[in-house]
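Colleague: sequence and computational prediction follow.
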Amino acid sequence: MIQYLRHTQIDNRRWDECICKSLNGNVYAWSWYLDIIHPGWEALVEDDYQTVMPLTGRTKFGISYLFQPFFAQQLGIFSIKHLNDEDINAFISAIPLKYKLIEIRLNTLNVTDKRSLELKMHRNIEMPLSDSYDIIAQRYNNNTKRNIAKAKSSSLTFTDKADPQKVISLFRNNRGKSVKHWGDAEYARLLTLADTAVARQRCLVCGINDENNELVAGAFFMMSHNRITFLFSGADNSNRHPLSLLLDKMIMIYSGSQYTFDFEGSDNDGLARFYKGFGGTEHPYPELHINRLNTIPRILLKILKNK
């Protein structure tokens, strides 16, 4: 039987035991991670925490809805057993009726053939690191090889002890200027997430320094479930390609291991080409759309989606 639990009813220890053992577990689903990205999250739980689903909801203008919080690419249903269509559809049907609008991203093992569901597929790029570095590097495309060579010729050096705040500042002062939907609250939450994950040994904050030992690129790499997730990065606007060098260094360090490198995206064709340049391949995952309102003004729907 699937139970709906409010936040105060969730047993975090049992929840995390499920996520730890889940066949499709990921870093976003740990209770401490959810507490940071969406305080007060709720849940659906089945069979004494054998299968679970976080619910990230909010109420605006009297309408309760589920949405995908920032810094969590994939959530959805997690289980220690193999999930079939019946399991997936049962959880989706069990989402409380109070949630009138649902737009959430599930995970790669939550794909269902149920035709009545509106599913939009997204693109993730992943790459196993089981081969040696020499073999992996041979798969880099020519553009990636050129970028790395240029970075190496620019007196850039790798560090595994970058300052999380400096990485965030690099992003805010460069590419972040065009990201209008992130404000101080989102960046503060991201910093808390990085600091907490580092303390739990679930995150590496690495970077690239220039000849003056100034950080010119940095990233948060989340470590969980034999997966290295490229969660967030910042880089200067130079043409020295420090981010290419940073990714190459991480791949080199963890090559020949059981880890999978998760580039965490992207639906953006340019970013997808960049990630595929390292040898990554596409792994689709679904986004669930349900509108339980008979009618809703377009302007109100837009406001809700903008959260």
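Modeller: Alright, I've got the coordinates. Since the model is a prediction, treat every value here as computed from it, not as a measurement.

Colleague: now the strand or helix carrying R123, how far from the chain's geometric center?
Modeller: Secondary structure from DSSP states H and E places R123 in strand 118-128. Centre-to-centre, strand 118-128 and its host chain are 11 Å apart (CA atoms, centre = their mean, to the nearest Å).

Colleague: rounded mean pLDDT for that strand, please.
Modeller: With pLDDT averaged residue by residue, strand 118-128 scores 96.

Colleague: with just CA atoms, put it into CSV.
Modeller: Once side chains and other backbone atoms are set aside, the C-alpha atoms of strand 118-128 remain, and they are given as CSV (Å, rounded to 0.1, in the frame of the first residue of the first chain):
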residue,chain,number,x,y,z
GLU,A,118,1.9,13.3,-20.8
LEU,A,119,5.6,12.7,-20.7
LYS,A,120,8.3,14.9,-22.1
MET,A,121,11.7,13.3,-22.6
HIS,A,122,14.9,15.1,-21.6
ARG,A,123,18.4,14.3,-22.5
ASN,A,124,21.2,13.5,-20.1
ILE,A,125,24.8,12.7,-21.1
GLU,A,126,26.8,10.0,-19.3
MET,A,127,30.0,8.2,-19.7
PRO,A,128,31.3,5.1,-17.9
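
Colleague: any buried residues in that strand, and which?
Modeller: Judged by neighbour count using 16 or more other CB atoms under 10 Å, the buried positions of strand 118-128 are L119, H122, R123, N124, I125, E126, M127, P128. Where you see a C-beta, it was placed from the backbone N, CA and C, and this is true even at glycine.

Colleague: quick one: contacts of that strand?
Modeller: Residues from elsewhere that reach strand 118-128 (CB atoms under 8 Å, 6 or more residues apart in numbering): 73-74, 105, 108, 111-112, 136, 251, 259-267, 272, 275-276, 278-290.

Colleague: hmm, 7 Å instead?
Modeller: Strand 118-128 is contacted by residues 105, 260-267, 272, 275-276, 278-290 when judged by CB atoms under 7 Å, 6 or more residues apart in numbering.

Colleague: how close does the residue lying closest to R292 once chain neighbours are set aside sit to S64?
Modeller: Distance criterion CB to CB, 6 or more residues apart in numbering; nearest residue to R292, sequence neighbours excluded, is K100 at 4.6 Å. Computed with CB to CB, to the nearest Å, the distance linking K100 and S64 is 6 Å.

Colleague: neighbour count winner among these two?
Modeller: Set K100 next to S64 and count neighbours by other CB atoms under 10 Å: K100 wins out with 18 against 15.

Colleague: low-confidence ranges in the protein?
Modeller: Across the chain, the stretches falling below the confidence threshold (pLDDT under 70) are 295-307.

Colleague: following the biggest helix by length in it, which helix or strand comes up?
Modeller: Criterion DSSP state H: the longest helix present in the chain is helix 184-199. With elements assigned by DSSP H and E, the helix or strand that comes after helix 184-199 is strand 203-209.

Colleague: between the two ends of stretch 135-153, how far is it?
Modeller: Stretch 135-153 has an end-to-end distance of 23 Å (CA to CA, to the nearest Å).

Colleague: in it, what counts as buried?
Modeller: Going by 16+ other CB under 10 Å, stretch 135-153 has these buried residues: I136, A137, Y140, T144, N147, I148, K150, A151.

Colleague: now the strands for the stretch 101-250 of the chain?
Modeller: 118-128, 157-159, 203-209, 215-224, 227-235 (DSSP state E, counting those that start in this stretch).

Colleague: can you put these in a markdown table and add distance to S93?
Modeller: Conversion of the strands of the stretch 101-250 of the chain to a markdown table gives the following (distance: least, CB to CB, whole Å):
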| stretch | distance to S93 |
| --- | --- |
| strand 118-128 | 14 |
| strand 157-159 | 49 |
| strand 203-209 | 35 |
| strand 215-224 | 29 |
| strand 227-235 | 29 |
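
Colleague: of the ones you listed, which is nearest H181?
Modeller: Counting by CB to CB, H181 lies closest to strand 227-235 out of the strands of the stretch 101-250 of the chain; the figure is 15.0 Å.

Colleague: tally of neighbours for the spatially closest residue to H225 that is not a sequence neighbour?
Modeller: The shortest distance from H225 to any non-neighbouring residue, by CB to CB, 6+ apart, is to G25 (4.8 Å). Residue neighbour count, defined by other CB under 10 Å, stands at 21 for G25.

Colleague: how about I36?
Modeller: By the criterion of other CB under 10 Å, I36 has 18 neighbours.

Colleague: what residues does it make contact with?
Modeller: Contacts here follow CB under 7 Å, 6+ apart; on that basis I36 touches R189, T192, L193, T196.

Colleague: show me which of the residues you listed are buried.
Modeller: Neighbour-count burial within the contacts of I36 applies to R189, L193; the criterion is 16+ other CB under 10 Å.

Colleague: lovely, talk soon.
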